[in-house]
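> I'd like to go over a predicted model; first the sequence, then the structure.
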Amino acid sequence: MTEPTTRPEGLTGVLDAIEAAVAAARAMPMSSSVLVSRAELLELVAQAREVLPTQLARADEVVADADAARAAAQADAERILEDARARAARLVEQEAVVVAAQERAAEVVAEAQATSERLRREADDYCDRRLADFEIDLGKVLAQVQAGRAKLASRLEAPEA
């Protein structure tokens, strides 16, 4: 095995490189085991660990954007509510106008809160999907490593022929 010449892009690229290294590894005679370069695989795992915080930071950015959108919507709602209060004060004799303004302000606040909650759910769903993908990929790698170790352990325990 040779050292990778280029760094894979993103977590998926690192996992693809690990998969390619295992797939391209030289097969052991009369066995499903392969010889892989420990240094190469350890380097790829280190790269995966480097990339993971970046992926999580991107997910945090999505959540922060959702929070910012919610805050902006809340600020708009508060501004509209304040405008409605000022209008109601000027038109105190016209009770119907005051009632309508309060209802509209409540609708805007409800819409802003609904939008905020939807954006938060979408951001959380995105984060969950990305983490689930990573969990599946790591599970596959772990299963391959465990199978290889089990095969090696059984050969080490077998009497010499």
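Structure received. Numbers count the residues shown, from 1 in each chain.
> what helices or strands is whichever strand or helix holds R49 leaning on?
Using DSSP states H and E, R49 sits in helix 38-90. Packed against helix 38-90 by the contact rule (3 or more Cβ pairs under 8 Å, 6 or more residues apart in numbering; DSSP states H and E) you find helix 10-23, helix 95-157. No exception for glycine: its C-beta is placed from N, CA and C like everyone else's.
> Next, the angle from that helix to helix 10-23.
Counting by axes from the mean of the first three to the mean of the last three Cα atoms, to 10 degrees, helix 38-90 lies at 160 degrees to helix 10-23.
> Could you pull up the mean pLDDT of helix 38-90?
Averaged over helix 38-90, pLDDT sits at 86.
> Over to stretch 140-155?
93.
> residues in contact with it?
Stretch 140-155 is contacted from outside by 15, 18, 22, 31-34, using Cβ atoms under 8 Å, 6 or more residues apart in numbering.
> again, 10 Å this time
Residues outside stretch 140-155 that contact it (Cβ atoms under 10 Å, 6 or more residues apart in numbering): 15, 18-19, 22, 28, 31-34, 36, 41, 44-45, 48.
> could you dump those to TSV with neighbour count and distance to A68?
Shown next, in TSV, are those (neighbours: other Cβ atoms under 10 Å; distance: Cβ to Cβ, whole Å):
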residue	neighbour count	distance to A68
L15	22	32
I18	23	36
E19	15	38
V22	15	42
M28	13	55
S31	10	56
S32	9	52
S33	15	52
V34	16	49
V36	17	45
L41	18	40
L44	24	36
V45	14	35
A48	23	30
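> And the furthest pair within those?
Greatest spatial distance among those (Cβ to Cβ): S31 and A48, at 27.2 Å.
> quick one, the helix holding R49 and helix 95-157 angle?
Using the same axes, to 10 degrees: helix 38-90 against helix 95-157 is 170 degrees.
> Off-centre distance for helix 38-90?
Between the centre of helix 38-90 and the centre of its chain there are 13 Å (Cα atoms, centre = their mean, to the nearest Å).
> what about A150, how many neighbours?
The tally of other residues near A150 (other Cβ atoms under 10 Å) stands at 10.
> And it, how far from A96?
79 Å (Cβ to Cβ, to the nearest Å).
> Tell me the bridge partners for the residue nearest to A25 when sequence neighbours are not counted.
With sequence-adjacent residues excluded and distances taken as Cβ to Cβ, 6 or more residues apart in numbering, A25 is closest to V34, at 3.7 Å. Listed by DSSP bridges, the beta-bridge partners for V34 are A27.
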